[in-house]
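Colleague: 3D, please:
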Amino acid sequence: MQTPLEKYFAQRVKNLFNFLHDFELNGGEVSLHDLRVEMKKLRAIIKFLRNIYPKQKLKKPAHLLRNIFQEAGYIREFQIILQWLQKNEYNVIEKIYYPNEKMQSMIVAFQKNTNQLKDDCKEITETVSGFVHGTNEILAEQYFVDINAQVGKLCRRNLPQTEWHELRKLIKQRIYAYNWVQHETENDDPHFAYYHKLQEAIGLWHDFEFIKESLSQKQVYLSQDIEVQKDFNLAWDKLSSSLKYRERHVEEMLARQVVQD
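Modeller: Now for the predicted structure:
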């Protein structure tokens, strides 16, 4: 009989190759997003296993998966900025600094490398599979208890913004790890809704932080083009306002957890 971790891993492998196949055929944003989600879940499993087994034994699959995830991440980051600029009609900045053609060329380049990606994913999953099947489910339970305690402790602290993104990653690890342990029912996690909403709130806040940082790095504010300056000033004010709103939302959610405890 399979352990919850084995079942979860088997589903990840199936989804990973299905979404990779979909992306190879259409190069669509949805299939790329789905592919990245599956890679996140697979990375979470590897992170758990590296807490049990010698890190060196899982070094190569971790490295291969990180490289694929980062490459797909560059496209995703460009998409986030481009979608925000298009939504708010900052067309001049988009045309000069974030042209849609550049994103499409990034997708095509990633798509052309699909055969290598398949080979890498096959090596990753075959290596990880041996460790998954050899892992006692008690170890997964202990891991979940530990990471659940870490998340709860951080949420009860007056956490500075500099630690929000790390908290989000830990929450995601906790949400994934919940699937690796045995439960009486499938939906008996009393904290799932809160943690899910909190990590989403932090994610939205982080997106605005990232967009501001990207505009700063490209030094859009130094442009001598009057139209660019108009777009930039409007965009910067809107970003600053949106960021404050998202900051308050995260702070309120964290404060709510403290009150509940």
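Colleague: quick one: the helices in the stretch 101-250 of the chain?
Modeller: Taking DSSP state H, counting those that start in this stretch, the helices of the stretch 101-250 of the chain run over residues 114-133, 137-155, 164-178, 192-217, 226-260.
Colleague: Phe210 and Gln79 touch, don't they?
Modeller: No. Applying CB atoms under 8 Å, one finds Phe210 not in contact with Gln79, separated by 11.6 Å. Using the backbone N, CA and C atoms, a C-beta is placed for each residue, glycine as well.
Colleague: so for the protein, the centremost residue is which one?
Modeller: Centroid-nearest residue in the chain: Lys40, 6.3 Å away (criterion: CA atoms, centre = their mean).
Colleague: now do the contacts for it.
Modeller: With contact taken as CB atoms under 8 Å, 6 or more residues apart in numbering, Lys40 is in contact with 69, 172, 176.
Colleague: that one and Glu24, how far apart?
Modeller: 20 Å (CB to CB, to the nearest Å).
Colleague: could you check how far the residue nearest to Gln111 when sequence neighbours are not counted is from Glu166?
Modeller: Once flanking residues are discounted, Gln111 sits nearest to Gly27: 4.6 Å by CB to CB, 6 or more residues apart in numbering. Distance of Gly27 to Glu166, given as CB to CB: 32 Å.
Colleague: and for Tyr97?
Modeller: In terms of CB to CB, Tyr97 sits 29 Å off from Glu166.
Colleague: low-confidence stretches in the stretch 51-200 of the chain?
Modeller: Across the stretch 51-200 of the chain, residues meeting the criterion (pLDDT under 70) sit at 184-187.
Colleague: how about 90 then?
Modeller: For the stretch 51-200 of the chain, the stretches with pLDDT under 90 are 155-159, 182-192.
Colleague: run the chain-centre distance for stretch 85-93.
Modeller: Relative to its chain's centre, stretch 85-93 lies at 25 Å (CA atoms, centre = their mean, to the nearest Å).
Colleague: ok, now stretch 61-71?
Modeller: On CA atoms, centre = their mean, the centre of stretch 61-71 falls 13 Å from the chain's centre.
Colleague: for stretch 4-24, same thing?
Modeller: For stretch 4-24, the distance to the chain centre is 17 Å (CA atoms, centre = their mean).
Colleague: need the CA coordinates for that stretch. CSV is fine.
Modeller: C-alpha atoms of stretch 4-24 as CSV (Å, rounded to 0.1, in the frame of the first residue of the first chain):
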residue,chain,number,x,y,z
PRO,A,4,0.5,9.5,1.1
LEU,A,5,3.9,10.8,0.0
GLU,A,6,4.2,8.1,-2.6
LYS,A,7,0.7,8.9,-4.0
TYR,A,8,1.5,12.7,-4.0
PHE,A,9,4.8,12.2,-5.7
ALA,A,10,3.2,9.9,-8.4
GLN,A,11,0.7,12.6,-9.2
ARG,A,12,3.4,15.3,-9.4
VAL,A,13,5.3,13.2,-11.9
LYS,A,14,2.2,12.6,-14.0
ASN,A,15,1.3,16.3,-14.0
LEU,A,16,4.8,17.5,-14.6
PHE,A,17,5.2,15.5,-17.9
ASN,A,18,1.6,16.3,-19.0
PHE,A,19,2.1,20.1,-18.5
LEU,A,20,5.5,19.9,-20.2
HIS,A,21,3.9,18.2,-23.2
ASP,A,22,1.2,20.9,-23.3
PHE,A,23,3.8,23.6,-23.2
GLU,A,24,5.8,22.0,-25.9
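Colleague: in it, what's buried?
Modeller: 4-6, 8-9, 12-13, 15-17, 19-20, 22-24 (16 or more other CB atoms under 10 Å).
Colleague: same question for stretch 237-252.
Modeller: Those would be 239, 242-243, 246-247, 249-251, for stretch 237-252 by 16+ other CB under 10 Å.
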